[in-house]
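Engineer: Pasted the sequence and its predicted model underneath.
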Amino acid sequence: MKLVILDRDGVINEDSDEYIKSVDEFRFIPGSLEAIARLNQAGYRVAVATNQSGLARGYFDLDTLNSMHGKLRRALAAVGGHIEMIAFCPHGPDDQCACRKPLPGLLREIGERLGQDLAGVPCVGDSLRDIEAARCVGARPILVRTGKGERTLAKTDALQGVPVYRDLSEAVDTLLMVA
């Protein structure tokens, strides 16, 4: 079965420079849930790899994060979709962990737990760290303009060869056309 790995904030749900700290702030980008459901219906497994340094910073706790992910899973089920696995890094940027993107720890965890070679696996993100993590494991990076995507495009030239799409829905449309 095929796999797609998604970043969370800025790809599936709205992002904020102030962090997503509560279930009320956890709002979906229009079309993202339906895009995930389309992937599932086309035979793809979907996993999420997300940095959540708000945990280390004390902005929210693990119960709140689990409630956000519960909201995501329920909303997806309502449109016929599901996520196979959510891997998250709870550390801050100075913690020197191996799981915080741009390091490849989260993606490797997904590959190991799902028994999937990550070579060529589409990884959709909105930041350079998502692109770098995907490249580290030989996956296929994809950038969306939602979230921090526009800022990423404006501030780096390290995106050569990376396809760029308006949002997750457009990226999924293209993935399904070439699959």
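Structural biologist: Perfect, thanks for sending it.
Engineer: partners of the longest strand along the chain, with directions?
Structural biologist: If each strand of the chain is counted by residues according to DSSP state E, the longest one is strand 44-51. Strand 44-51 sits in its sheet next to strand 2-6 (parallel), strand 85-89 (parallel), going by DSSP bridges.
Engineer: Now do Ala158, the pLDDT please.
Structural biologist: On pLDDT, Ala158 comes in at 84.
Engineer: same thing with the one 4 residues further on?
Structural biologist: What the model reports for Val162 is a pLDDT of 97.
Engineer: Please apply the same query to Ala179.
Structural biologist: The model's pLDDT for Ala179 equals 69.
Engineer: if we can go back for a sec, mind putting the strands paired with strand 44-51 into CSV with distance to Asp117, mean pLDDT and mean neighbour count?
Structural biologist: C-beta: built from backbone N, CA, C; applies to glycine. Shown next, in CSV, are the strands paired with strand 44-51 (distance: least, Cβ to Cβ, whole Å; pLDDT from 0 to 100; neighbours: other Cβ atoms under 10 Å):
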stretch, distance to Asp117, mean pLDDT, mean neighbour count
strand 2-6, 9, 97, 24
strand 85-89, 16, 98, 19
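Engineer: Rebuild the ones you listed as JSON lines, extending it with distance to Asn66.
Structural biologist: Listed next are the strands paired with strand 44-51 as JSON lines, based on distance: least, Cβ to Cβ, whole Å:
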{"stretch": "strand 2-6", "distance to Asn66": "18"}
{"stretch": "strand 85-89", "distance to Asn66": "10"}
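Engineer: Could you pull out the buried residues of the longest strand of the chain?
Structural biologist: Of all the residues in strand 44-51, those buried under the rule 16 or more other Cβ atoms under 10 Å are Tyr44, Arg45, Val46, Ala47, Val48, Ala49, Thr50, Asn51.
Engineer: outside of it, which residues touch it?
Structural biologist: For strand 44-51, contacts defined as Cβ atoms under 8 Å, 6 or more residues apart in numbering pick out 1-9, 12, 36, 39-40, 81-89, 100-101, 106-107, 110, 114, 116, 123, 129, 133.
Engineer: can you give me the mean pLDDT across it?
Structural biologist: According to the model, strand 44-51 has a mean pLDDT of 98.
Engineer: same for the next helix or strand after that strand, what does it pack against?
Structural biologist: Per DSSP states H and E, the first helix or strand lying C-terminal to strand 44-51 is helix 54-57. Packing partners of helix 54-57 (3 or more Cβ pairs under 8 Å, 6 or more residues apart in numbering; DSSP states H and E): none among the helices and strands.
Engineer: quick one: buried residues of helix 54-57?
Structural biologist: Gly54, Leu55, Ala56.
Engineer: Show me the shaky parts of the chain.
Structural biologist: For the chain, the stretches flagged by pLDDT under 70 are 179.
Engineer: Buried residues of the longest helix along the chain, list them for me.
Structural biologist: Counting by DSSP state H, the longest helix found in the chain is helix 62-78. Within helix 62-78, the residues that count as buried by 16+ other Cβ under 10 Å are Thr64, Leu65, Met68, His69, Lys71, Leu72, Ala75, Leu76.
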